[in-house]
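Q: quick one: sequence and predicted model below, then my questions.
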Amino acid sequence: MGKLLEIKDLRVQFETSDGIVKALNGIDISLDEGMTLGLVGETGAGKTTLAKSIMRIIPQPPGKIMSGEILYGGSDILKMDINEIRNIRGRHISMIFQDPMTSLNPVMTVGDQIAETIKTHEKMSAVEATRKSCEMLELVGIKADRAGDYPHQFSGGMKQRVVIAIALACNPKILIADEPTTALDVTIQAQVLEMMQNLKRKFNTATILITHDLGVVAQTCEKAAIIYAGEIVEYGTVHEIFKDMRHPYTIGLMNSIPKIHMDEKRLHPIEGLMPDPMALPKGCNFCDRCRFAMERCKTEEPSMVEAGGEHMVRCFRAMENLRGGYGDE
Amino acid sequence: MFQSVRTRKAEIETAEAVNRDRTLFEQAWIQFKYNRRAMLGLAIIVVLLLIVAGTILTDLVTHEEVYNNYVVKQNLYMKLKGPSLEHPLGCDEFGRDMLFRILWGTKYSLLLGFCAVTLALLIGGPLGMIAGFYGGKTDNVIMRIMDVFMACPFILLAMAIVAALGASTVNLLIALGVSGMASFSRVTRAAVMSVKDKEFVESARAVGANDFVILIKYILPNSMAPILVQLTLRIGSSILHVAGLSYIGLGVQPPIPEWGAILTAAKVYMRDAWHISVFPGLFLVITVVAFNLFGDGLRDALDPKLKR
């Protein structure tokens, strides 16, 4: 399997009047064909910024891509001119946004919105594009005769299906799903995820799935990356991450999920908050909240350490069995 | 009781009539049909347009005979005569029949008012759209120029333009259009700015739409409501501005029977002859109200979110 997308040392800042917000601090990640990568992290960790950087739809200014490369099929997205990138968007890389309620144009029928995308990228007559858009609707489980309806006539789950239909209309190689199920209830969430999985298999689309939900990652992804304060702190296959988590942050995340077989009175959150991205600590970004922090963590930035297979961890103590330490308390 | 039943029925019919296969404008029309106040406004506007068409046609058929004999020909015997069977709305200070003058004046008032506003929208709208959409330096340059226009009193600016170009109806239009564009560009800019950061614009960008498509298909239709309302509200004041400029001799030239011109001329005789100021004023009020009702109805009908 060839590498479809490769991100190297991506750094993104937002220059605001209050100071410089360091949103992404050296992201290295790659995506193979047909693979699903889960991107997990808490609010503000930089997940959406990463997704938008790949599409290059970060508002500039205040956003600024400081350094790095995003290689798609060997060419750097960050160096493309506006016409090239427009051709990539939608046709090669598509994105699904968080909130289906607001990501559809309220004054256009859903059929037109799908057809619009198709017409942007393929030389097709209006009739053909309409037919294709009806096919797409059927594909995501909406009857084609609803193509003439406006977004407000659909429920949230159906809107998200429409959004997915738009994203997949030109059969892209990569689909970036930015919390596609956060705004939906659990049953619809399961339906939408299953549908995405099926479509992904059908079209062999590589997917980057951004989510807060570790359950979703375990269920749908092959690889996972845990992102914290603009850095990837742990990366590996889903199996490696869930069975053999090594970064204290990942361990904390897992611990904060209540276990159904244990009678737990209280939840176990990770104490503290993420550091202010305008003033990141000198050493490890997580050290203020870490139970295992040493003196070294406060002054030195850890780099990624291999932990067998594809497993990478950004921690000085990655090789110790930190999980045991948590269990004691 | 009966009325409420009928309204209910109308509602059901509306819901059924908003069919899936209709275009946006057909749907808007169905929605509009059941809005009584809007229909009243539309009816008045239609009547006014019929009057305009009627007078133009009469002038064409009779080679302006009616116009010359009844609208502009003075008859001092009838000076300031009150309403009678022969002259239902009385006569003005030169003994001309008020009804004829008002009917013939409709053309000038309505079309001048409408064209001036449309011109202002056509200049100001795109500028505001570009300023709101691109922001930053573009926004600053355009809006500072607009500020200059806004800083000058409306009438003074229009006067200066007419004075520079010469007094004629076309120049009056240009003057009103240019001096009215600033407010349109402000309204459009604000509307565009409130829409451009919405997620659907971002998602349009994410599927590769270019700026032009985003502006025309995504942003403009979603920011139409305040612009439409502004348009219909401005038609009324625009008619008044035409009148104001006519008064100081820079607008419609006498003896053309423009409503505002009649009204301003009538001011002097208000104590002796109420009818020459009341009737054109009444027509003006009815016209402005009709446009406002129509505009409100249009806004509601064009908003797909209000549809069932």
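A: Sure, I can see it.
Q: from residue A:294, how far out is residue B:259?
A: When distance is defined by CB to CB, to the nearest Å, residue B:259 is 87 Å away from residue A:294. Placement of C-beta: from N, CA and C, glycine included.
Q: spell out which parts of the stretch 151-300 of chain B neighbour chain A.
A: B:198-200, B:202-210, B:213, B:217-218, B:221-222 (CB under 8 Å from any CB of the partner chain).
Q: more crowded one of residue B:259 and residue A:294?
A: residue B:259 (28 against 14; other CB atoms under 10 Å in any protein chain shown).
Q: so what's the residue count around the closest residue to the more buried one other than its chain neighbours?
A: Sequence neighbours aside, residue B:109 is the residue nearest to residue B:259 in space, at 4.2 Å (criterion: CB to CB, 6 or more residues apart in numbering or on different chains). Neighbours of residue B:109 under the rule other CB under 10 Å: 29.
Q: quick check, residue A:22 in a strand?
A: Yes. Checked against DSSP: H, G, I helix; E, B strand; the rest coil, residue A:22 lies within a strand.
Q: how close does residue B:167 sit to residue B:246?
A: 10 Å.
Q: just the buried ones from the residues of the stretch 151-300 of chain B next to chain A, in PyMOL syntax?
A: In PyMOL syntax, the buried subset of these is picked out as below (16 or more other CB atoms under 10 Å in any protein chain shown):
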select buried, chain B and resi 198+199+200+202+203+204+205+206+207+208+209+213+217+218+221+222
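Q: what touches both of residue B:167 and residue B:246?
A: residue B:253 (CB atoms under 8 Å, 6 or more residues apart in numbering or on different chains).
Q: if you count what's nearby, which of the two comes out ahead?
A: For residue B:167 versus residue B:246, neighbours defined as other CB under 10 Å are more numerous around residue B:246 (26 against 17).
Q: give me the element that one is part of.
A: Using DSSP states H and E, residue B:246 sits in helix B:224-247.
Q: now for the helix or strand following that helix, which elements pack on it?
A: Moving toward the C-terminus from helix B:224-247, the next helix or strand (DSSP H and E) is helix B:259-266. If you count contacts as 3 or more CB pairs under 8 Å, 6 or more residues apart in numbering or on different chains; DSSP states H and E, helix B:259-266 packs onto helix B:98-134, helix B:224-247, helix B:275-302.
Q: the second one packs against which elements?
A: Under the contact criterion of 3+ CB pairs under 8 Å, 6+ apart, helix B:224-247 touches helix B:98-134, helix B:154-165, helix B:169-196, helix B:259-266, helix B:275-302.
Q: now the first one: mean pLDDT?
A: Predicted confidence along helix B:98-134 averages 89 (mean pLDDT).
Q: and what of the third one?
A: In this model, helix B:169-196 has an average pLDDT of 88.
Q: what's it packed up against?
A: Against helix B:169-196 (3+ CB pairs under 8 Å, 6+ apart) you get helix B:98-134, helix B:136-151, helix B:154-165, helix B:224-247.
Q: now do the buried residues in that helix.
A: For helix B:169-196, a neighbour-count test (16+ other CB under 10 Å) marks B:169, B:171-189, B:191-193, B:195-196 as buried.
Q: about what we covered before: and the helix holding residue B:246, C-alpha only, in PDB?
A: Output of helix B:224-247 as PDB, limited to C-alpha atoms (Å, rounded to 0.1, in the frame of the first residue of the first chain):
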ATOM      1  CA  MET B 224     -31.200  38.700   0.400                       C
ATOM      2  CA  ALA B 225     -33.800  39.500   3.100                       C
ATOM      3  CA  PRO B 226     -32.300  42.700   4.500                       C
ATOM      4  CA  ILE B 227     -31.400  43.900   1.000                       C
ATOM      5  CA  LEU B 228     -35.000  43.400  -0.200                       C
ATOM      6  CA  VAL B 229     -36.400  45.200   2.800                       C
ATOM      7  CA  GLN B 230     -34.000  48.100   2.300                       C
ATOM      8  CA  LEU B 231     -34.900  48.200  -1.300                       C
ATOM      9  CA  THR B 232     -38.700  48.500  -0.700                       C
ATOM     10  CA  LEU B 233     -38.300  51.000   2.100                       C
ATOM     11  CA  ARG B 234     -36.000  53.200   0.000                       C
ATOM     12  CA  ILE B 235     -38.500  53.400  -2.900                       C
ATOM     13  CA  GLY B 236     -40.700  55.600  -0.700                       C
ATOM     14  CA  SER B 237     -38.000  57.900   0.400                       C
ATOM     15  CA  SER B 238     -36.500  58.000  -3.100                       C
ATOM     16  CA  ILE B 239     -39.800  59.300  -4.500                       C
ATOM     17  CA  LEU B 240     -39.600  62.000  -1.800                       C
ATOM     18  CA  HIS B 241     -36.000  62.900  -2.800                       C
ATOM     19  CA  VAL B 242     -37.100  63.200  -6.400                       C
ATOM     20  CA  ALA B 243     -39.700  65.700  -5.200                       C
ATOM     21  CA  GLY B 244     -37.100  67.500  -3.100                       C
ATOM     22  CA  LEU B 245     -34.800  68.000  -6.000                       C
ATOM     23  CA  SER B 246     -37.600  69.000  -8.300                       C
ATOM     24  CA  TYR B 247     -38.500  71.700  -5.700                       C
END
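Q: mind checking the end-to-end distance for stretch A:174-190?
A: With CA to CA, to the nearest Å applied, stretch A:174-190 spans 21 Å between its terminal residues.
Q: now stretch B:58-70
A: OK, stretch B:58-70 end separation, CA to CA: 12 Å.
Q: quick one: average confidence on that stretch?
A: Rounded mean pLDDT across stretch B:58-70 is 81.
Q: can you check stretch A:312-321 too?
A: Rounded mean pLDDT across stretch A:312-321 is 80.
Q: contacts for it next, please.
A: The contact list for stretch A:312-321 (CB under 8 Å, 6+ apart) reads A:231-236, A:246-248, A:284, A:292, A:294, A:296-297, A:300, A:302-307.
Q: what's near enough to touch the nearest residue to residue B:31 once chain neighbours are set aside?
A: Excluding the flanking residues, the one nearest residue B:31 by CB to CB, 6+ apart is residue B:301, at 4.2 Å. Residues near residue B:301 by CB under 8 Å, 6+ apart: B:28-29, B:31-32, B:35, B:38.
Q: ok, now residue B:248?
A: residue B:159.
Q: phi first, then psi, for residue B:36.
A: Phi and psi for residue B:36, reported as degrees, to the nearest 10, are phi -60, psi -40.
Q: just give me the neighbour total for it.
A: For residue B:36, using other CB under 10 Å, the count is 12.
Q: by proximity to chain B, which residue of the stretch 51-200 of chain A wins?
A: Nearest to chain B in the stretch 51-200 of chain A, going by CB to the nearest CB, is residue A:90, at a distance of 3.4 Å.
Q: that residue reaches residue A:170, doesn't it?
A: Yes. Residue A:90 lies in contact with residue A:170 (CB atoms under 8 Å); the separation is 5.7 Å.
Q: what's the overlap in contacts for those two?
A: A:117, A:121, B:207.
Q: pretty sure the second one is touching residue B:209, no?
A: No. Counting by CB under 8 Å, residue A:121 stays clear of residue B:209, with 10.0 Å between them.
Q: got any residues that touch both of these two?
A: What both residue A:121 and residue B:209 touch, as defined by CB under 8 Å, 6+ apart, is the set residue A:90.
Q: if we can go back for a sec, narrow the contacts of residue B:301 to just the buried residues.
A: Buried by 16+ other CB under 10 Å: B:28, B:31-32, B:35, B:38, out of the contacts of residue B:301.
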